[in-house]
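S.K.: Return a 3D structure for these sequence lines:
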Amino acid sequence: MQVHLDGISDQSIRTQPWKDAVQDPRGKYYHFREHPELIRQVLEDFKPHESHECVQRFYEMLEWINGPDSNFESSDCRLTGPLPNQQKEKFRWDIAAAGRLMVFFRHLPYNVTPVTAEWITEREQGNAGLYEPNQFISWLGESSKDILSHLSRQTWWPIIQLHYFPTFFQELPGLEPEKFGYQMVYEFHSWSDTEEQMFDFDLLVIFQSFFETLKELSASIGNPRPLGN
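M.R.: Reported below is the predicted structural model:
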């Protein structure tokens, strides 16, 4: 499995919590910490495939991420495919699938990089770049890359891309300049000979790798003050 830490993934800033998806009217934000029973009911990309073990494993991961034993919370996920591979000039397999999982620290201050009021004004005028991810988000990205690479040392074709996604955490107490930060995106791309192989092997390995990685990271964060600061 190829694992890449690609830095900041977008120049736009998402609000957390968000409401409805712009690109897909079916996509809505659900607070899984408050309503964990919805995890197995509302994920429109995963619901048609939930007879497969890999999707059940994904549900289990989301239940843990948003449950009492985790230091994380999820905000979004996606699964595209399996579909006929449109990039056979690059990847020889017949079937392709992709998706993502977005995660942030449940202790919201660990996600943010405070900015100035001047930066907000310049940003609104289109004259300001993005702030840097803080040390905690950087640790999450670098540690995720290390763990995922260790879990998949064998040569295998899926590609994992890790991104920092700019986010405005509107529920964080304080002033507006203290609410800008990032969440972590675990994006995956995989190719296979058949849909059965994609579900029964590729996606199962990918989801299990994400699950193991987040469990290890959550355990090393500790409670109640993650990362010792």
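S.K.: only C-alpha atoms for contact and neighbour calcs from this point on.
M.R.: Fine.
S.K.: what's next to the lengthiest helix in the chain, contact-wise?
M.R.: As assigned by DSSP state H, the longest helix anywhere in the chain is helix 203-221. The contact list for helix 203-221, computed with Cα atoms under 8 Å, 6 or more residues apart in numbering, reads 53-55, 57-58, 61, 70-72, 140, 143-144, 147-148, 151, 186, 188, 190, 227-228.
S.K.: thought residue 131 was touching residue 119?
M.R.: No: assessed by Cα atoms under 8 Å, residue 131 is found out of contact with residue 119, at 9.2 Å.
S.K.: Pull up the overlap in contacts between the two.
M.R.: Common neighbours of residue 131 and residue 119 (Cα under 8 Å, 6+ apart) do not exist.
S.K.: just the CA coordinates of the helix or strand harbouring residue 163, formatted as CSV?
M.R.: With elements taken from DSSP states H and E, the one containing residue 163 is strand 159-169. Only the C-alpha atoms of strand 159-169 are listed here, as CSV (Å, rounded to 0.1, in the frame of the first residue of the first chain):
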residue,chain,number,x,y,z
ILE,A,159,-3.0,4.3,-2.6
ILE,A,160,-3.7,6.1,0.7
GLN,A,161,-3.5,9.9,0.7
LEU,A,162,-3.6,11.8,3.9
HIS,A,163,-4.7,15.5,3.9
TYR,A,164,-5.2,18.3,6.3
PHE,A,165,-8.7,19.9,5.5
PRO,A,166,-9.2,23.5,6.6
THR,A,167,-12.1,23.8,9.0
PHE,A,168,-13.9,26.4,11.0
PHE,A,169,-15.0,24.8,14.3
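S.K.: Helices of this structure, start to end?
M.R.: Under DSSP H, the chain gives helices at 39-42, 53-65, 117-124, 135-151, 195-197, 203-221.
S.K.: on that earlier part again, between strand 159-169 and the longest helix of the chain, find me the angle.
M.R.: 50 degrees (axes from the mean of the first three to the mean of the last three Cα atoms, to 10 degrees).
S.K.: tilt between helix 203-221 and helix 53-65?
M.R.: Using the same axes, to 10 degrees: helix 203-221 against helix 53-65 is 20 degrees.
S.K.: List the single closest residue to the residue sitting nearest the centre point of the chain in space, sequence neighbours excluded.
M.R.: In the chain, the centroid-proximal residue (Cα atoms, centre = their mean) is residue 102; its distance is 2.2 Å. Closest residue to residue 102 apart from its sequence neighbours, by Cα to Cα, 6 or more residues apart in numbering: residue 185 at 4.5 Å.
S.K.: Let me see the contact set for the one you found.
M.R.: 100-103, 161-165.
S.K.: returning to that earlier point: now, of the contacts of helix 203-221, which are buried?
M.R.: Neighbour counting by 16 or more other Cα atoms under 10 Å classes 54-55, 57-58, 61, 70-72, 140, 143-144, 147-148, 151, 186, 188, 190 among those as buried.
S.K.: List the beta-bridge partners for the nearest residue to residue 106 once chain neighbours are set aside.
M.R.: Of all residues not flanking residue 106 in the chain, residue 72 sits nearest, at 4.7 Å (Cα to Cα, 6+ apart). For residue 72, the beta-bridge partners under DSSP bridges are residue 105.
S.K.: Residue numbering should commence at 21 henceforth.
M.R.: Understood, numbering begins at 21; the last thing we discussed is residue 92.
S.K.: contacting residues for residue 92?
M.R.: 85-86, 123-127, 238 are the contacts of residue 92 under Cα under 8 Å, 6+ apart.
S.K.: quick one: furthest residue from the center of the chain?
M.R.: Computed with Cα atoms, centre = their mean, the most peripheral residue in the chain is residue 138, at 30.2 Å.
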